[in-house]
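Visitor: Predicted coordinates and the sequence they were generated for:
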Amino acid sequence: MHELKPELDSRHFDIFIDKAQATVHLEFSGTVSLKDLVDSFSATIHNPDFVTNMSALYDLRLANVELDLTETEIFFHFAAGLRDKRGDSYALAFVCADEMTKMVANFYRLFLVRTDIDVLICDDFKQALDWIEQHNRSLPDSSD
């Protein structure tokens, strides 16, 4: 059995999975680094309630995202390496409170241009939630 590493106790994110809406909600606060993004991604895909291609809403309104462009690219390659578990066709919404965070999210979106991953970047949580729900409703029903 693995012990929880002490640094995970001070993580800057919380993950909530809404199985009914097929959506992962990730809430970040404080200073967010590449490590926080990698840890949150790993925790999400290893959560027993996670389903491949589940949409995700990244709430960054209370976060100070400290990623440079190289780290953003590193995160893209990390996530791409786990596509077999994460999926390759889903929606990502980033809710940002400042222009610097929007810039980082827009740079990340550039890496996703040639994928089937839809991205919304905005500053309104309800807009992001509505957009994710609309995306999820447009998917074929897989319960048949």
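Guide: Yep, that arrived.

Visitor: if we look at stretch 57-75, which residues are touching it?
Guide: Contacts of stretch 57-75 with the rest of the structure, by C-beta atoms under 8 Å, 6 or more residues apart in numbering, involve 12, 23-34, 37-38, 41, 92-97, 100-101, 104-105, 107-108, 111, 123, 125, 128-129, 132. Every C-beta, even on glycine, is put in place using the N, C-alpha and C of the backbone.

Visitor: cutoff 6 Å now
Guide: The contact list for stretch 57-75 (C-beta atoms under 6 Å, 6 or more residues apart in numbering) reads 25-29, 31-34, 37, 93-97, 101, 104, 107-108, 128, 132.

Visitor: And stretch 11-22, by the same measure?
Guide: With C-beta under 6 Å, 6+ apart as the contact definition, stretch 11-22 has outside contacts at 24-30, 32, 36, 40, 43-44, 47, 49, 54, 136.

Visitor: measure that stretch end to end?
Guide: The first and final residues of stretch 11-22 sit 24 Å from each other (C-alpha to C-alpha, to the nearest Å).

Visitor: in that stretch, what's buried?
Guide: 11-13, 15, 17-18, 21-22 (16 or more other C-beta atoms under 10 Å).

Visitor: Distance from it to the middle of the chain?
Guide: Centroid separation for stretch 11-22 versus its chain: 10 Å, with C-alpha atoms, centre = their mean, to the nearest Å.
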